[in-house]
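[1] next come a sequence and a model predicted from it.
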Amino acid sequence: MTFVRLLPLAAVVCVACGSDTTTPSVGTVCRLSERVAISPASVVAKVGDTVRFSASPPTGPCAIQVPSPLSVVWRSSDTAVVTVDSIGGVARARATGTTTILALVVGDSAIKSGAVITVNPR
C-alpha cells in the first residue's frame, strides 16, 4: 500500500490586484501604505514652521515584508507648499496649502507611506 502525503499548498494570492496591495502570508492582505508607520500621520502647521517626521516598521503580519533596519527617503508631493530633507525627515512649510510627505523604503521604493500636512498662513 502506498501512502501519498499531501502538503498544504501555500499560494500567494493578490486580492483586488493593484499597485497598493501585497500578500505577506495566506489570508493576510497588507496595503503598501500599512507597511510603514509615519509619525505624525497628519499635522497642521503655519508658513515657516518645521515638522520632523519619523518612520517605523509596522508590527504584525505586515512587518515581514519591510527591510530591517528600516531606512527611508523622504519626499514632498508639492515642494511649493512644503519641502522635506530627504534623509532627516524635517519638513519646512513654505506656502499655504495641503500636501503629502512620503517615506519610501530604501531598497524597495514600492513600500511607502504618506502623511498629510496642511499649511496655514502665519
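    Nice, I can see it.

[2] per-residue pLDDT, residue 22?
    Reading off the confidence values, residue 22 has pLDDT 48.

[3] need the contact list for residue 104.
    Residues in contact with residue 104 (Cβ atoms under 8 Å, 6 or more residues apart in numbering) are 72-75, 111-112. Using the backbone N, CA and C atoms, a C-beta is placed for each residue, glycine as well.

[4] can you flag the buried ones in those residues?
    72-75, 111-112 (16 or more other Cβ atoms under 10 Å).

[5] same list (those residues) but as CSV, adding secondary structure.
    Listed next are those as CSV, based on DSSP: H, G, I helix; E, B strand; the rest coil:
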residue, secondary structure
72, strand
73, strand
74, strand
75, strand
111, coil
112, strand
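
[6] will you turn these into CSV that also has distance to residue 85?
    Formatted as CSV, the buried ones among the contacts of residue 104 follow (distance: Cβ to Cβ, whole Å):
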residue, distance to residue 85
72, 12
73, 10
74, 7
75, 11
111, 20
112, 17
